[in-house]
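Asker: coords please:
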Amino acid sequence: MQRLKQNLLVVAGLTVLGITGLFMNSTQVAAQNPHPGSAPVNIVSPLPLPVTGSLSVSGGTVAVSGTVNVRDVDKAVSEPFQENIFAQVDVGIIGSPRSFAFSPVPAGKRLIIEHVSANVHMFSLATITMSYLNLHDDLLTLTRMSPSELTTNLPTKVIVESGESPTIRFGAVGFSAGPFPGITFDFRAFISGTLVPAP
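Answerer: Model prediction:
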């Protein structure tokens, strides 16, 4: 008896579903214009889309008379910048700091240096025991890679004005033996950042 009740419930449920399916319209529905008699709207151009009328701004409303075009102002006027330098220097003269200048910042621009890397490799048995590296007034940390190699690779924020040359200074003031005249070291430096209009 219990089994019969379960079968009847299943048959009744399927019958209800079947009848519901008969009343359903299976035609595809198309989007309709909410305002009959007006033209449909298709945005083709211009992009970005100009906005007219009133704009809602956090805390209130701003009246707009005309067209307001929205764009990323900083992106449009900034230019990526990168440059590297390479020099071979006589070890005998690096007890005093050496300056290495990059190209001057173009007229009407300001350079924001965001990253700097440098590598100093000495071709000698002597070891640099004390040294420093500056980018303008910023002191940079040097990491010893081997007894005769120092490196740095850091994010930074240094601003260089129009007409000025970004300058990096390296000084080695301590050696394990020497310095030995006639021995050279390689100096490589790389800066990257953004050129923006000068204020």
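Asker: which SSE is residue 6 in?
Answerer: helix 2-23 (DSSP states H and E).
Asker: quick check: bridge partners of residue 98?
Answerer: residue 170 (DSSP bridges).
Asker: count the residues that sit near it.
Answerer: 16 (other Cβ atoms under 10 Å). C-beta coordinates here come from the backbone N, C-alpha and C atoms, glycine included.
Asker: pull the number of nearby residues for residue 109.
Answerer: Around residue 109 there are 20 residues (other Cβ under 10 Å).
Asker: restricting to C-alpha, output the helix holding residue 6 in PDB.
Answerer: What follows is helix 2-23, C-alpha atoms only, in PDB (Å, rounded to 0.1, in the frame of the first residue of the first chain):
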ATOM      1  CA  GLN A   2       2.800   2.400   0.900                       C
ATOM      2  CA  ARG A   3       4.500   1.600  -2.400                       C
ATOM      3  CA  LEU A   4       1.300   2.500  -4.300                       C
ATOM      4  CA  LYS A   5       1.000   5.900  -2.600                       C
ATOM      5  CA  GLN A   6       4.600   6.700  -3.600                       C
ATOM      6  CA  ASN A   7       3.900   5.700  -7.300                       C
ATOM      7  CA  LEU A   8       0.700   7.800  -7.400                       C
ATOM      8  CA  LEU A   9       2.600  10.900  -6.000                       C
ATOM      9  CA  VAL A  10       5.300  10.500  -8.600                       C
ATOM     10  CA  VAL A  11       2.700  10.200 -11.400                       C
ATOM     11  CA  ALA A  12       0.800  13.200 -10.100                       C
ATOM     12  CA  GLY A  13       3.900  15.300 -10.000                       C
ATOM     13  CA  LEU A  14       4.900  14.400 -13.500                       C
ATOM     14  CA  THR A  15       1.400  15.200 -14.700                       C
ATOM     15  CA  VAL A  16       1.500  18.700 -13.200                       C
ATOM     16  CA  LEU A  17       4.800  19.300 -14.800                       C
ATOM     17  CA  GLY A  18       3.500  18.100 -18.200                       C
ATOM     18  CA  ILE A  19       0.400  20.400 -18.000                       C
ATOM     19  CA  THR A  20       2.500  23.400 -17.000                       C
ATOM     20  CA  GLY A  21       4.800  22.800 -20.000                       C
ATOM     21  CA  LEU A  22       1.800  22.800 -22.400                       C
ATOM     22  CA  PHE A  23       0.900  26.300 -21.200                       C
END
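Asker: list the buried residues for it?
Answerer: By neighbour count on 16 or more other Cβ atoms under 10 Å, the buried set for helix 2-23 is empty.
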